[in-house]
Each structure stands twice: as structure tokens, then as C-alpha cells.
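**Student:** My questions concern the predicted model and sequence given below.
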Amino acid sequence: MLFKLLYNISKNRNKRCAMSIHAELLEVKESNNKQCLSCEDCYRVYIHTGSDFPQLTSVKKWNDGSMVIIINPGDSTESKPLELRSFFTQDISGHVVHDFWVRESVGVPKLLKIDLIGKWHDIFKKDALYIREINIVHKRMTYRFPVRNYIYPHNPLWGNPSTVERGCPPHLLVREGNGTIASQESESFMISARQEELQHMRALSPWGSFKDEPPYPGFFDAPSYDDLPRFAKFKETKLESFEFFRSQSSRVAKSLLVSGILERITFRGKADKMENFEEYLENFKKKAESLNWDKKTVEDARELAYKFKDDYEFGRQFLSGTHPWLIKRTRKLDSRWDAAPYVSDDLLNGTTLEDALRNGLIYEVNYNEVLDGIRDGGKLSKILTGEQQTWYCVLADCLFFLDGDRIKPILIRLEYKNGSMEPTYWLPPLEGEDDLNWLSAKIYLKTADTQVFSIGSHYTRAHALNEVFAVSLYRNLPSAHPIHRLLQPHLNGVIPINVQARKILIKAFSGFLTAGDETRYLIKKTLDYLKYRDLIIPSWFIKNDTMDLPRYWLRDDALELWSIIHEYVSSIVSLTYSNDNEVANDIELNGFTKEIVERGLHAFVDNCGFPNQLSNKADLTDYISVIIFNVSAFHASVNFQTAKYYGFAPGSPSCVALPPPKADEQVTMERILSTLPSKEISELTMVTSYNLGQFSPIEKYLLGDKSLGKGDLTDETMLVGEKQVECIRQLLSKMQELKDKIRERNQNKSYHLYDVLSPDEIPLTTQT
């Protein structure tokens with residue numbers, strides 16, 4: 001009652017200071033410690049909460065207690081607790097403003113301690129509050145404190161907690177302005193705050209690992225989404241979006257499950273096979289319409305289906321399809337091609353294969369290394385189709401010829417090692433010859449590509465690897481560290497999408513992918529072959545000798561993006577570190593890189609080539625650029641075209657139900673249709689691909705567009721120093737130039753424009 005009485009007295013005395021947004025000030029002064037107004041300074045506090053999601057139609061208000069702020073906590077000049085009761089916005093951006101009178105000896109605000117106190121009479125109805133930023137205006141100077149975190153109100157009856165509670169730290173400690181590295185801190189209360197925050201975050205962010213083989217990269221130790229601490233969860237709208245995907249995919253899977261059970265009861269026990277390619281296309285169209293899919297995506301998929309047999313279209317997809325990263329120039333064939341048949345000069349515009357190799361006109365994709373040793377799949381086929389099937393894992397490689405400014409396939413190698421079959425080689429038909437053998441070979445090649453794409457490039461590199469970066473960030477770099485502030489908007493969202501993927505998606509792989517039963521083995525093989533140097537984008541294209549390959553829009557856009565990101569990172573690194581020694585001696589940074597190697601990637605060959613420690617600014621710039629590019633641009637390049645390429649099963653099959661034909665076998669249309677996925681499996685593939693390839697409703701992009709409700713880095717960044725803000729402005733300016741360049745390039749193209757890496761189409765982070 002005393003608490004309430006003091007509050008009412010304070011409220012009546014300070015009506016003159018009440019703000020229009022109904023903030024109320026609770027100020028309790030001990031009678032024997034009153035100070036005159038002339039000994040106090042005014043600190044105007046702006047508390048920014050919630051995030052801006054234009055899609056929302058309703059707004060929640062947080063009113064589960066009061067916020068308490070202490071300026072410079074732990075210092076001899078720390079302020080009294082400044083307590084504020086208000087309705088704080090949760091789901092959209094908003095702010096509360098109030099003036100506090102604080103003794104002048106507090107001085108410049110450098111550190112804030114932020115706490116929430118719940119209502120003592122309503123202790124069971126609490127929700128976390130998301131705080132974006134707190135600004136303090138003092139003596140005409142503005143001090144910015146980037147927060148970007150959640151905090152729960154604690155029970156006033158139980159006192160202020162000192163340990164993590166309900167997935168949140170007991171309070172938030174936030175450094176002002178540019179942030180600092182540890183060696184730049186000289187005041188003991190600032191050093192203690194860094195150490196305390198890391199202690200809390202390590203308790204909230206444990207490493208997880210699987211005890212069984214094969215090894216898996218380190219991950220956030222949470223068995224389910226509900227077990228995540230609040231800072232690692234999605235904001236509400238993203239969660240709703242994922243739940244929609246899961247419910248839509250689950251409906252299709254359950255429908256197939258019920259159908260399979262009924263078929264076994266009626267003794268039919270046969271998968272529903274398609275009679276021709278047109279039936280696959282019609283089924284895709286009907287399923288898309290029934291689920292109300294985006295019409296442009298459906299039209300693109302249908303256009304691809306009409307052209308999927310064309311060899312030039314086949315080649316184009318390896319340059320600008322869903323998986324355009326693996327093509328490389330070859331100037332000498334290795335032993336895999338020793339038994340290959342003679343390639344006719346007619347296929348090479350009159351030149352010989354030897355001359356074409358010497359002149360740099362031959363390119364290759366190779367799935368042999370990664371898929372070698374992966375066993376056949378199909379364990380769930382009987383549940384889903386009513387018929388037990390074997391899905392054959394066939395090794396496949398292809399040679400392409402550069403014909404003018406386009407590439408076309410000229411030789412395909414297939415090898416079914418699980419069945420001890422000798423390799424077979426397949427050539428395009430000459431004019432007037434039957435092309436079903438060649439079409440069959442291309443189907444097996446695209447099936448191999450689908451396995452490496454889905455589990456290797458997409459899940460392993462664009463998801464699992466990013467989670468290693470995220471866990472180590474939260475455990476080793478405090479929020480005051482400028483590198484934490486640089487990376488935070490790019491790693492936010494990685495952990496929750498991966499926790500859900502481990503629980504749902506990996507199991508779903510077994511339902512439609514040949515290699516789905518061997519997902520963890522394929523993850524291991526992908527990381528065993530992955531090398532850190534290959535993630536430095538210019539090095540990758542130089543290594544593959546594709547710097548001059550025509551119409552390789554992915555390469556052009558990726559190199560431009562890398563250059564822009566690299567320049568931005570370099571500028572932030574230069575603002576943070578004055579010399580290379582500061583990088584080498586940064587204990588927190590060393591902990592970040594060390595745990596990535598020792599806890600995240602230790603089970604893989606040479607730790608995937610990742611360095612244990614960084615010794616100079618140039619290496620640090622490369623390292624951070626690798627992370628930002630991988631979670632944003634690389635993920636976008638392999639994620640947002642899946643629906644139109646995997647909706648039509650013959651164009652990119654997820655599995656094959658027959659082993660490859662023998663060298664002397666004449667392939668028939670009946671054999672091809674029996675090889676392709678059944679109706680049930682193709683439907684599950686198209687639904688999963690469509691939903692995984694959609695943008696989240698809360699995405700922020702490398703380049704925003706306010707007129708379309710698309711936010712960008714300015715909405716999420718923790719870099720708030722004046723020079724840091726200028727670096728972001730320059731980044732966005734260059735991103736706009738790249739967007740305009742890509743749009744101009746696409747203006748004269750009527751078929752499958754490549755705008756996947758336009759900055760306004762690239763989310764800041766991986767959360768889909």
C-alpha cells in the first residue's frame with residue numbers, strides 16, 4: 001500500500017511533466033536526501049519498442065509492469081532508478097518519451113541497465129517486451145543505446161533476479177554509441193558489464209551436438225522451438241508464417257498418408273503414376289490453384305515445363321537456376337572420362353573435343369564426389385504411396401560446350417555404384433535420332449543435382465553453417481562489441497528457423513528425396529569438401545575459371561554484391577580497430593572464431609579450412625564478409641526460385657524409382673515415366689518447395705522500399721555511431737546502383753529474368 005500511495009502522490013505532483021502518450025513517472029525521494037532543482041539535470045529519455053511490420057492490422061500494447069533504467073550502473077556516479085509506467089507498443093514500432101531530473105554528477109550517459117518489474121497483483125500474466133533502442137538527450141547532445149533484445153518483467157515479490165529467467169537475462173546492459181572492443185574499455189563498471197552480459201548469454205546459448213554418427217555441425221541446444229530463449233525466437237508474425245507452411249505441408253502429407261493406408265486396405269498397393277508429361281504439368285497447375293499460389297510463380301513454372309527438353313534451356317539452368325554455383329571450366333578430362341565415347345565434331349561446331357578443351361570451351365558439373373557412398377532411399381515410400389519403392393542414388397557428371405554465348409550439354413556420365421554397375425556415357429542425339437536415351441540421362445543428372453542442392457548447398461551451407469556463426473556470436477561477442485552490432489541483423493532469425501528445420505524438414509527429406517534417408521551423411525560429405533577460401537566469392541569463381549563465362553548473371557551479381565559488402569565491412573572494421581595488433585589481441589573476437597572451429601566445425605576435414613584466429617584487419621574483413629554474404633546473398637540465390645523449378649517433377653526430379661539404363665538399352669517413354677516420382681511424391685515435393693521458397697512477412701532486405709512496406713538495414717542495425725551510420729548510407733546507395741543495373745539488364749529479356757540477387761530481393765538474414 002505504501003508503494004501505491006507514494007506513486008499516487010508522485011503522479012499528482014508531476015502532472016505538469018506528463019507526456020501526451022500517457023507515460024507516468026514514479027519518482028520516490030527520501031525526505032532526508034532531497035536535492036534542489038538547480039543541482040539536477042534533465043535527461044529526456046526516448047524508449048523505442050516493437051518492430052515495424054506493415055502487414056499487421058492490430059497492435060498489441062505491453063502493460064505488464066514498469067521499466068526501470070539506471071544510468072552508468074556500477075559507477076560511483078550511477079543514477080537513481082528511473083521508473084516509467086506506460087503502454088509500450090509490441091508488434092509495431094513506437095516510442096515513449098519522458099523527462100527525468102537526475103543529479104548533475106551522473107554526467108554523460110555511457111551505459112544503461114534496463115529492467116522490467118511486473119505487477120505484483122498480476123504476476124501470472126506477463127509477456128516479454130522487445131526494446132529496439134533507447135535514446136537519451138542531455139545538454140543538447142543525443143546518446144543512442146541500441147538494444148534489439150527482449151526482456152521479461154520479474155516478480156516484485158521475489159526481488160530482482162541475478163540469473164537468466166524465462167529465457168531472458170535478468171536485465172539488459174547496453175553500451176552507448178559506436179560500441180567498443182574490450183581493450184578499449186578502461187572503466188571497471190564497463191568491463192564488469194561486458195563480463196556479466198557474456199555470462200548470461202552463454203547460459204542462454206549452449207552448444208548442442210548429436211551423440212550418434214555421422215557428425216553434424218554444432219548447433220543451438222534446444223530440442224524444439226518452444227525451448228528457445230526469447231531472444232532467439234521469431235517475432236510473432238514470422239512464427240505464424242512458419243506455422244502456416246507447416247500446416248499446409250502437413251495437410252498434403254497427411255492426405256498422402258491416409259491415401260496410402262486406404263490403398264493397402266483395398267490391396268491396391270500401387271503408387272499413382274503419371275501417364276505423360278502433360279499430366280505432371282496439369283497436376284501441378286491444379287494443386288497450385290487449390291492452394292492459391294502466386295500466379296507469376298505458377299506461370300514461370302509452366303513456361304519452364306514447356307522448354308525442359310531443350311538443351312540450351314538445360315544449360316541455362318546451371319547458370320541461373322536454383323543451383324548455379326557448381327559449374328566450372330575444365331581444360332583436361334580426368335580418368336572418369338577415359339571410357340567415354342567419341343564426341344562428334346557436329347556437336348562442337350566442327351571442332352574436336354581436344355581443341356575445345358584447349359580453347360576453354362568445355363565446362364563441367366560433378367556430383368560424383370559428394371554423392372559417392374550415399375545409399376539408396378525410399379524408406380517412407382510405402383507410407384506415402386502404398387507401394388514400397390527404392391529410390392536410386394546415381395552418381396552423375398556432365399560436360400557442357402560453350403556455343404557462342406550459350407552452353408549446351410554434350411556428354412553425361414552416370415554411375416550406379418550401389419548396384420555395382422559400370423559407368424555409362426550418354427551423348428545428345430544427332431539430327432533425326434530418337435532422343436529418349438538422352439532425355440533419360442538428363443533426368444538422372446538433374447536428380448543428382450536436386451540431392452546436392454537440397455541437402456548440400458541449401459540446407460548445409462545456407463542454414464546449418466550459418467547457425468554455427470550465430471551461436472558463437474551470442475556466446476562470445478557482447479552487444480557492446482562493434483562486430484556483434486555489425487553481424488546481429490544478419491544472424492537474427494538463423495537459430496529459430498534451423499531448430500524448426502531439424503525437427504520438421506530433415507525428416508520430411510526422407511519423404512521425397514533419394515538421399516533423404518542419408519541426410520546426415522550428405523551433410524557430413526558436403527562439409528568435408530567445403531573450404532573457407534571457397535566462401536570468399538571472387539576466389540570461388542577464379543578457382544572454377546568462370547570469370548569470363550557469358551550470360552553467367554549469378555557470377556556478375558554475386559561479385560558486385562561481394563564488393564559492396566566487403567567495402568562496407570572494411571569501413572566498419574577500420575572504425576573499430578586502429579591497427580592489426582588490436583585484431584590479433586581481441587580476446588572476445590578470438591573466442592568467436594575459436595568456438596566456430598572447435599565447437600561448430602571440429603568434426604569435419606580440416607575444420608572446413610576456417611581459421612582459428614584472425615591476425616589482421618584484412619583477414620577480419622574477409623571473414624565477416626563471408627558470413628554476411630552467406631546468410632544473405634548465397635541463401636537467396638538457392639532459396640527463392642525453388643517453386644518454379646521443382647513444381648514440375650520431370651524438369652528436376654526429387655527421386656528416381658529405377659536404376660539407370662544399361663549402355664546398350666533403348667529407353668522408352670514407359671521407362672522414363674516409371675523412373676520419375678509418382679504423383680504423391682511430386683505433390684509433396686512441390687508443396688515443400690513452394691513454401692520454403694517464400695519470403696517471410698517480416699523480412700528486411702539489403703535494400704528496402706518503403707512504398708512497398710519493405711524495410712532494410714536501417715530498421716535492424718545496431719550500428720548507431722555517426723560514422724557507422726554514414727557507412728550504412730553509402731552501402732544502401734551502392735545497393736541502389738546495383739538494383740538499377742540489374743533492372744536495366746533485364747529490360748530486354750522476355751524469358752526468365754535473373755533478378756534473384758537484386759538487393760531489394762535479398763533478405764538480411766536466413767529465416768526461411
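**Tutor:** On my side now, so go ahead. Numbering: from 1, shown residues only.

**Student:** lowest-confidence helix or strand of this protein?
**Tutor:** Of all helical and strand segments in the chain, the minimum by mean pLDDT, DSSP states H and E falls on strand 24-26, at a mean of 33.

**Student:** how about low-confidence regions in the stretch 601-750 of the chain?
**Tutor:** Scanning the stretch 601-750 of the chain for pLDDT under 70 picks out the ranges 750.

**Student:** which ones are touching residue 45?
**Tutor:** Residue 45 makes contact with 69, 82, 84, 97, 98, 99, 100, 134, 135, 136, according to CB atoms under 8 Å, 6 or more residues apart in numbering. Using the backbone N, CA and C atoms, a C-beta is placed for each residue, glycine as well.

**Student:** are any of those buried, and which?
**Tutor:** Buried by 16 or more other CB atoms under 10 Å: 69, 82, 84, 97, 98, 100, 134, 135, 136, out of these.

**Student:** and the residues you listed as JSON lines, adding distance to residue 527?
**Tutor:** Output for these, formatted as JSON lines (distance: CB to CB, whole Å):
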{"residue": "69", "distance to residue 527": "45"}
{"residue": "82", "distance to residue 527": "50"}
{"residue": "84", "distance to residue 527": "49"}
{"residue": "97", "distance to residue 527": "50"}
{"residue": "98", "distance to residue 527": "52"}
{"residue": "100", "distance to residue 527": "52"}
{"residue": "134", "distance to residue 527": "41"}
{"residue": "135", "distance to residue 527": "43"}
{"residue": "136", "distance to residue 527": "46"}
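
**Student:** Which of the contacts of residue 45 fall in strands?
**Tutor:** Counting by DSSP state E, these place 69, 82, 84, 97, 98, 99, 100, 134, 135, 136 in strands.

**Student:** Export only the CA atoms of stretch 460-467, formatted as CSV.
**Tutor:** The C-alpha coordinates for stretch 460-467 follow below in CSV (Å, rounded to 0.1, in the frame of the first residue of the first chain):
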residue,chain,number,x,y,z
THR,A,460,24.0,-27.4,-45.1
ARG,A,461,25.7,-24.3,-46.4
ALA,A,462,22.8,-21.8,-46.3
HIS,A,463,21.4,-23.0,-42.9
ALA,A,464,23.4,-25.3,-40.8
LEU,A,465,26.7,-23.4,-41.3
ASN,A,466,25.0,-20.1,-40.5
GLU,A,467,23.8,-21.4,-37.2
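
**Student:** so which of the buried ones among the contacts of residue 45 would you say is closest to residue 153?
**Tutor:** residue 84 (12.8 Å; CB to CB).

**Student:** Residue 47 is in contact with that closest one, correct?
**Tutor:** Yes: if you go by CB atoms under 8 Å, residue 84 and residue 47 touch, sitting 7.2 Å apart.

**Student:** so what sits against both of these two?
**Tutor:** Residues touching both residue 84 and residue 47 by CB under 8 Å, 6+ apart: 67, 96.

**Student:** if we can go back for a sec, of the contacts of residue 45, which is the nearest to residue 677?
**Tutor:** The closest of the contacts of residue 45, once distances to residue 677 are taken by CB to CB, is residue 134, at 54.2 Å.

**Student:** so the closest one bridges to which residues?
**Tutor:** residue 47, residue 145 (DSSP bridges).

**Student:** give the contact list for it.
**Tutor:** Applying CB under 8 Å, 6+ apart, one finds that residue 134 lies in contact with 45, 46, 47, 48, 69, 112, 114, 145, 147, 174.

**Student:** Next one: it from residue 100, what distance?
**Tutor:** Distance of residue 134 to residue 100, given as CB to CB, to the nearest Å: 12 Å.

**Student:** same deal with residue 365?
**Tutor:** Taking CB to CB, one finds residue 365 at 64 Å from residue 100.

**Student:** same question, residue 700
**Tutor:** Taken as CB to CB, the span from residue 700 to residue 100 is 32 Å.

**Student:** Where does pLDDT dip in the stretch 151-300 of the chain?
**Tutor:** Using pLDDT under 70, the stretch 151-300 of the chain drops low at 156-161, 165-166, 236-271.

**Student:** switch the cut-off to 50
**Tutor:** 237-239, 241-242, 245, 256-258, 260-269 (pLDDT under 50).
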